[in-house]
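# Model the structure of this input:
(one chain, ligands or ions: 1)
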Amino acid sequence: MSLAEITARIARAEAAAGRAPGSVTLIAVSKVQPEARVRAVLAQGHRIFGENRVQEAAERWTPLRAEHPEIALHLVGPLQTNKARQAAEMFGAIHSLDRPRLARRLADLAQERGSSPALFVQVNTGAEPQKAGVLPDAADTFIDDCRKMDLPLAGLMCLPPADEDPDPHFDLLGRIAARNGLPGLSMGMSGDFEQAIARGATHIRVGSAIFGAREG
Ligand SMILES: *Cc1c(COP(=O)(O)O)cnc(C)c1O
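Numbers count the residues shown, from 1 in each chain. Down below sits the predicted model:
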């Protein structure tokens, strides 16, 4: 599907939900995609991209950013604490804040650098054992702890179980965000971004629908 088709679908979903045009940010998740496909999307004017690994992102985007300094990068995959500095330098947003040690490290880096990426707390809405994220019951406490460290939180992120209707997960994320006064909702991927927009997503993370199926 072309980028233009995706952006048209986003605009329709915004309108159907009574939301302002442009209220949803499209993160084009370029992980593992061949450079030619990424360049094609860049050529169409898109500038917001998502990656799930710090090292791969650095290799791909350091040269591309020399050509297009305005590119914004979002980390959508797990972050090891020992890669936090590199991540804070490279990414404008991190969607996978999910544990106190990482929060502490990002808070120290924010102090030192005088700025921080936008941070989304990842919530494991399906309480899946293999998946990252704070459990829904622990989210309020974790958010409080982050705020005590002066960490600027942009919102919450979720990755619903692959085999379930995502709507209850989107709703749960929305409720946790609302009761904590967090404006950002990072939810919705290739297969469900319109549902996510209907339920208040502010950031959608779309990979294969834009770039085609990932190889390998
Ligand atoms: C890969 C990935 C996406 C994009 O998934 P698609 O189904 O290709 O749109 C979104 N979010 C996260 C966290 C991912 O790892």
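# For this structure, which residues are neighbours of the ligand?
29, 31, 52, 76-77, 159, 189-190, 205-209 (Cβ under 6 Å from any ligand atom). (Glycine included, C-beta is placed from N, CA and C.)
# And for F49, the neighbour number?
Burial of F49 is recorded as 24 neighbouring residues (other Cβ atoms under 10 Å).
# next one: phi and psi at it?
phi -130, psi 150 (degrees, to the nearest 10).
# That one: what's it in contact with?
Contacts here follow Cβ atoms under 8 Å, 6 or more residues apart in numbering; on that basis F49 touches 27-30, 38, 61, 71-74.
# Distance check, the residue nearest to A17 when sequence neighbours are not counted against G188.
Residue nearest to A17 in three dimensions, not counting chain neighbours: A198, with 4.9 Å by Cβ to Cβ, 6 or more residues apart in numbering. Noted for A198: a distance of 9 Å to G188, by Cβ to Cβ, to the nearest Å.
# Same drill for the two, tell me which one is more crowded.
With neighbours defined as other Cβ under 10 Å, A198 and G188 compare such that G188 has more, 30 against 18.
# is it fair to say A66 lies in a helix?
Yes - the assignment for A66 is a helix, going by DSSP: H, G, I helix; E, B strand; the rest coil.
# Going forward, the N-terminal residue is numbered 159.
Okay, residue one is now 159; in that scheme the one you just asked about reads as A224.
# State the pLDDT value of it.
Reading off the per-residue confidence, A224 sits at a pLDDT of 96.
# again with S160
S160 is assigned 87 on the pLDDT scale.
# which residues of this structure score low on pLDDT?
Applying pLDDT under 70 to the predicted model, the residue ranges of the chain that meet it are 374.
# tell me the strands in it, going along the chain?
The residue ranges that make up the strands of the chain, judged by DSSP state E, are 183-187, 206-209, 230-233, 251-255, 276-281, 311-316, 342-344, 361-364.
# Out of the ones you listed, flag the one nearest Q244.
Go through these one by one with Cβ to Cβ and the one that ends up closest to Q244 is strand 230-233, at 10.1 Å.
# Listing partners with orientation, what would you give for that closest one?
strand 206-209 (parallel), strand 251-255 (parallel) (DSSP bridges).
# what does the longest one contact?
Spelled out, it's strand 251-255. Contacting residues not belonging to strand 251-255 are listed as 208, 230-237, 245-246, 261, 264, 275-280, 290, 304, 309, 311-312, 315, 344, 361, 363 [Cβ under 8 Å, 6+ apart].
# quick check: angle from that strand to strand 276-281?
With axes from the mean of the first three to the mean of the last three Cα atoms, to 10 degrees as the basis, strand 251-255 and strand 276-281 are set at 30 degrees to each other.
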